[in-house]
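> this is a predicted model, with the sequence first.
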Amino acid sequence: MQNFSRRFSTLQIAKLSTSPPQPIRPLIPYSEIQNCRKILERRIITVLDVCTTLTQAKQVHAHVITNGLSEYSYVITKLIRTLNKLGVPMGTYPELVFRRVTRPNPFLWAAMIRGCVIEGQVSEAVRFYGLMRREGTGPVSFTFSSFLRAPGAFGM
């Protein structure tokens with residue numbers, strides 16, 4: 001027969017904390033959270049309207065990410081349009097920003113298409129349109145007006 005040791009582990013068991021319990025924070029109503037988010041969105045849009053350099057736009061983008069707004073298509077659409085206004089090539093930073101959004105809305109797609117058309121990259125704009133349709137997103141009036149902004153690109 002085997003002899004078993006009656007010794008138990010020498011590990012110390014942590015004692016339960018005797019400090020007073022932390023007060024429970026009251027729940028914040030969802031409507032209040034939404035209102036705060038909308039105020040933050042408006043402030044970001046206002047700042048994007050006055051951005052004059054890529055560095056400023058990147059700082060705003062960092063603020064968007066740290067505040068959890070990188071999935072809000074309204075803010076990202078404005079960021080992409082601002083980057084386009086600043087002359088940032090659509091295939092670089094704006095496309096990176098766009099790719100981080102998991103479910104882009106039609107207006108975000110239209111901003112990418114518009115930016116490509118303004119740069120004269122109509123084939124890239126058509127590619128984005130095709131991707132948009134494959135993902136099941138329907139076009140909006142802004143989508144088609146973006147294509148109409150480049151009559152020279154279509155040989156008109």
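Sure thing, it's come through.

> the longest helix in the chain is where?
For the chain, the helix with the greatest residue count under DSSP state H is helix 30-49.

> contacts only, for the most centrally placed residue in the chain.
Centroid-nearest residue in the chain, with C-alpha atoms, centre = their mean: Ser70, separated by 2.4 Å. The contact partners of Ser70, taken as C-beta atoms under 8 Å, 6 or more residues apart in numbering, are Val64, Ile76, Arg100, Val101. Heads up, the C-betas are built off the backbone N, CA and C, glycines and all.

> what is the neighbour count of the first one?
Going back to what we said before, that points to Val64. For Val64, the neighbour count with other C-beta atoms under 10 Å is 22.

> swap in the last one?
Burial of Val101, expressed as a neighbour count using other C-beta under 10 Å, amounts to 16.

> make JSON lines out of the contacts of Ser70 and add pLDDT, distance to Pro29 and secondary structure.
Below are those laid out as JSON lines (pLDDT from 0 to 100; distance: C-beta to C-beta, whole Å; DSSP: H, G, I helix; E, B strand; the rest coil):
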{"residue": "Val64", "pLDDT": "93", "distance to Pro29": "24", "secondary structure": "helix"}
{"residue": "Ile76", "pLDDT": "95", "distance to Pro29": "26", "secondary structure": "helix"}
{"residue": "Arg100", "pLDDT": "92", "distance to Pro29": "29", "secondary structure": "coil"}
{"residue": "Val101", "pLDDT": "92", "distance to Pro29": "27", "secondary structure": "coil"}
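
> could you export these as a markdown table, including distance to Thr143?
Converted to a markdown table, these look like this (distance: C-beta to C-beta, whole Å):
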| residue | distance to Thr143 |
| --- | --- |
| Val64 | 24 |
| Ile76 | 16 |
| Arg100 | 21 |
| Val101 | 17 |
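
> in stretch 28-47, what's buried?
Going by neighbour count (16 or more other C-beta atoms under 10 Å), the buried part of stretch 28-47 is Leu40, Glu41, Ile44, Ile45, Val47.

> please identify the helix or strand for the residue nearest to the centre of the chain.
Using DSSP states H and E, Ser70 falls within no helix or strand.
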